[in-house]
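J.: Next one to model:
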Amino acid sequence: MKHHAQKLLVIALLIGLWELVARMGVWSPHLLPGPLTVAQSLVAMVADGRLVGAAGRSLGRLLRAYLMSVALGVPLGLLISRIPFFRNAVKPVVMGLQALPSICWLPLALLWFGLTDGAILFVVVMGSVLGIAIATEDSVNGVDPQLTRVASTLGVRGLRFHFGVLLPAALPGIVTGLKLGWSFAWRALLAGELLFVSGGLGQLLTVGRELMDVPQVMAVMVAIVIIGTAVDRVLFQTVEVRLRRRWGLTATT
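T.: A predicted model of the protein is given here:
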């Protein structure tokens with residue numbers, strides 16, 4: 001309860017500071033509307049279905065691209081952690097590509113896929129798959145060596161070792177990596193949707209900018225923050241906390 005009260009207090013202070021700056025008139029109200037004006041724009045977009053439809057299309061794309069990233073990133077991380085060839089030859093490439101901001105993939109995506117959903121999905125996958133692979137490798141490398149030695153002594157090898165010992169032991173770290181991958185994918189998606197008429201939240205931002213409708217732009221930004229926080233809190237944090245408790249990594253109270 002105390003933690004929730006502290007969070008609400010910080011949010012209230014930020015909104016109060018926002019309202020104060022807006023009332024000071026440093027910028028025109030058209031450029032810096034107050035929180036009430038933005039809230040009215042947010043409610044209006046929810047009421048007429050624009051925001052709900054755009055969020056649904058964005059989340060649909062994000063889910064497809066994210067599942068592809070997980071399907072590619074987790075096995076790649078396992079290969080890098082367990083096979084010397086991948087560790088010596090592939091890992092440097094992965095680390096180098098990870099340094100590229102996801103927006104750098106946009107021109108290439110447009111040339112390869114044109115103005116299609118495929119271009120957005122490609123950017124999202126490239127923005128998250130490498131981070132998931134690196135997090136998986138770190139998690140596997142962080143498994144207690146004594147556990148692997150005991151498994152080897154007991155004759156647990158091959159697929160039974162990887163799926164029965166290694167992956168479960170590394171799972172809390174892998175879930176943390178999946179959470180980071182989701183945040184990378186979320187950012188990459190919105191960058192991709194700014195490119196063309198895609199029907200998602202990125203398009204709502206672009207329309208607001210073109211119409212000089214700052215309340216709409218800020219309302220969509222607030223919606224993006226709310227959706228991202230909700231997914232993190234409801235899905236990933238719940239799974240992460242339960243896994244850590246089950247694995248004895250945190251207190252159960």
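J.: How about the longest helix seen in the chain, which residues are buried there?
T.: Longest helix of the chain, by residue count under DSSP state H: helix 50-82. Using 16 or more other CB atoms under 10 Å as the test for burial, helix 50-82 gives 50-51, 54-55, 57-59, 61-62, 65-66, 68-70, 72-74, 76-81. Where C-beta positions appear, they are placed from N, C-alpha and C, glycine not excepted.
J.: Take stretch 102-111, keep the C-alpha atoms, and write them as CSV.
T.: Extracted in CSV, the C-alpha atoms of stretch 102-111 (Å, rounded to 0.1, in the frame of the first residue of the first chain):
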residue,chain,number,x,y,z
SER,A,102,16.2,-0.1,-34.5
ILE,A,103,15.4,3.0,-36.6
CYS,A,104,18.5,2.3,-38.7
TRP,A,105,16.8,-0.8,-40.1
LEU,A,106,13.9,1.3,-41.5
PRO,A,107,15.5,2.3,-44.8
LEU,A,108,16.5,-1.3,-45.5
ALA,A,109,13.1,-2.6,-44.5
LEU,A,110,11.4,-0.2,-46.9
LEU,A,111,13.7,-1.3,-49.8
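J.: That stretch: which residues count as buried?
T.: By neighbour count with 16+ other CB under 10 Å, stretch 102-111 contains the buried residues 102, 105, 106, 109, 110.
J.: Columns pLDDT and secondary structure on top of these, output as JSON lines?
T.: Below are these laid out as JSON lines (pLDDT from 0 to 100; DSSP: H, G, I helix; E, B strand; the rest coil):
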{"residue": "102", "pLDDT": "81", "secondary structure": "helix"}
{"residue": "105", "pLDDT": "87", "secondary structure": "helix"}
{"residue": "106", "pLDDT": "85", "secondary structure": "helix"}
{"residue": "109", "pLDDT": "88", "secondary structure": "helix"}
{"residue": "110", "pLDDT": "86", "secondary structure": "helix"}
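J.: Tell me which residue lies nearest the centroid of the protein.
T.: residue 183 (1.5 Å; CA atoms, centre = their mean).
J.: I'd assumed residue 229 was in contact with it.
T.: No. Between residue 183 and residue 229 there is no contact under CB atoms under 8 Å: 10.5 Å.
J.: Which strands and helices lie in contact with whichever strand or helix holds residue 118?
T.: Secondary-structure assignment from DSSP states H and E places residue 118 in helix 117-141. Judged by 3 or more CB pairs under 8 Å, 6 or more residues apart in numbering; DSSP states H and E, helix 117-141 is in contact with helix 50-82, helix 91-98, helix 106-113, helix 167-193.
J.: With distance to residue 124 as added columns, please give these in CSV.
T.: Formatted as CSV, these follow (distance: least, CB to CB, whole Å):
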stretch, distance to residue 124
helix 50-82, 4
helix 91-98, 15
helix 106-113, 10
helix 167-193, 5
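J.: nearest to residue 160, of these?
T.: Smallest distance to residue 160 across those (CB to CB): 11.1 Å, for helix 167-193.
J.: which outside residues touch the helix or strand immediately after that closest one in the chain?
T.: The C-terminal neighbour of helix 167-193 among helices and strands, as given by DSSP H and E, is helix 201-210. Residues from elsewhere that reach helix 201-210 (CB atoms under 8 Å, 6 or more residues apart in numbering): 45, 50-51, 54-55, 58, 189-195, 197, 213-214, 216-217, 220-221, 223-224.
J.: which one of the buried residues of stretch 102-111 sits closest to residue 144?
T.: Using CB to CB, residue 102 comes nearest to residue 144 of the buried residues of stretch 102-111, at 34.1 Å.
J.: What distance do you get for the closest residue to that closest one other than its chain neighbours to residue 120?
T.: With sequence-adjacent residues excluded and distances taken as CB to CB, 6 or more residues apart in numbering, residue 102 is closest to residue 127, at 3.2 Å. Separation of residue 127 from residue 120 (CB to CB, to the nearest Å): 11 Å.
J.: Next: residue 185.
T.: For residue 185, the distance to residue 120 - CB to CB - is 11 Å.
J.: Many thanks, have a good one.
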